[in-house]
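Asks: got a sequence here, can you model it:
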Amino acid sequence: MESQNNKKVSSSVDGMGSKGVGNGMSRTVSNCGLVLRVLALLLTLAAAIVLGVDKQTKIVSVQITPTLPPVNIAAQAKWHYLSAFVYSMVSNIIACSYAAISMLIVLGTRNGKMGLAHTIIILDLLMVGLLFSSNGAALAIGLMGYKGNSHVRWNKVCNVFDKFCNQVAVSIVLSMVGSLAFMALIALSVFTLHKRFGVRN
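Replies: This is a model prediction of the structure:
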């Protein structure tokens, strides 16, 4: 009798063959995790695309000497001219690729072992750190473009390349929301592990 009760508890915790409230809760959490992972994939993909197609050409006047009239030249702004934006692009591509791969792994192993669940959580944490650091770097350069820096005589450029700067800002926002989706995944995974394995201890 006691053995049968233990089997029922174990089955309910694992989410395999359980019925009623426990099964409904497990299914809801699983669906939420899948939605968040798809959301993280789409947001980081969109951030990479928005930044990847970002470029702008403007005609600017350059004063060579005070005695000569200004010369009009074509100046171009592209995302790969700045290492911070390259870092942001690579980070979003890595996060997007990881979201797709991890989604396939999660779908293929719905009742995976604790080791696999811990690995997914650690990788999700790495994605959060990667995105936060790249977004911070891109944001710092973006603010420099909007405001300039009088101490080092760096002039602001976003008053000239307004479209370019606006697209960079959109990319950073998309990437930040994507990193928040990964953070929500971590919280959900910790909650799921507590419900599945915490009872056994």
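Asks: ok, what's across the strand from residue 60?
Replies: residue 73 (DSSP bridges).
Asks: now do the contacts for the residue nearest to residue 50 when sequence neighbours are not counted.
Replies: The shortest distance from residue 50 to any non-neighbouring residue, by C-beta to C-beta, 6 or more residues apart in numbering, is to residue 171 (4.4 Å). For glycine as for every other residue, the C-beta is placed from the backbone atoms N, C-alpha and C. Listed by C-beta atoms under 8 Å, 6 or more residues apart in numbering, the contact set of residue 171 reads 47, 48, 50, 51, 54, 88, 92, 138.
Asks: pLDDT wise, what is residue 196 at?
Replies: For residue 196, the pLDDT comes out at 65.
Asks: and if you look at residue 103?
Replies: On the pLDDT scale, residue 103 gets 89.
Asks: can you tell me the element it falls in?
Replies: Per DSSP states H and E, residue 103 falls inside helix 83-108.
Asks: stretch 61-75: end-to-end distance?
Replies: 10 Å (C-alpha to C-alpha, to the nearest Å).
Asks: ok, and for it, which residues are buried?
Replies: Using 16 or more other C-beta atoms under 10 Å as the test for burial, stretch 61-75 gives no buried residues.
Asks: and stretch 88-104, by the same measure?
Replies: For stretch 88-104, a neighbour-count test (16+ other C-beta under 10 Å) marks 88, 89, 91, 92, 94, 95, 96, 98, 99, 100, 102, 103 as buried.
Asks: what does stretch 29-37 give?
Replies: If you call a residue buried by 16+ other C-beta under 10 Å, then stretch 29-37 has these buried ones: 29, 30, 33, 36, 37.
Asks: who touches stretch 72-84?
Replies: Here stretch 72-84 makes contact (C-beta under 8 Å, 6+ apart) with 51-52, 54-62, 85-86, 89, 134, 137-138, 140-141, 157, 160-161, 164, 168.
Asks: buried subset of these, written for PyMOL?
Replies: The buried residues among the contacts of stretch 72-84 can be selected in PyMOL (16+ other C-beta under 10 Å) with this line:
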select buried, resi 51+52+54+56+85+86+89+134+137+138+141+157+160+161+164+168
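Asks: of the contacts of stretch 72-84, which belong to strands?
Replies: Assigned to strands by DSSP state E, the following of those qualify: 55, 56, 57, 58, 59, 60, 61, 62.
Asks: ok, those residues vs residue 179, which is closest?
Replies: Residue 179 lies nearest to residue 55 out of the ones in strands among the contacts of stretch 72-84, by C-beta to C-beta, at 25.0 Å.
Asks: got the buried residues for the helix ranked longest in the chain?
Replies: For the chain, the longest helix by residue count, based on DSSP state H, is helix 162-197. Residues of helix 162-197 classed as buried by neighbour count (16+ other C-beta under 10 Å): 164-165, 167-169, 171-172, 174-186, 188-189, 192, 195-196.
Asks: angle of it against strand 55-62?
Replies: Angle, helix 162-197 to strand 55-62, by axes from the mean of the first three to the mean of the last three C-alpha atoms, to 10 degrees: 140 degrees.
Asks: right, I'll leave it there.
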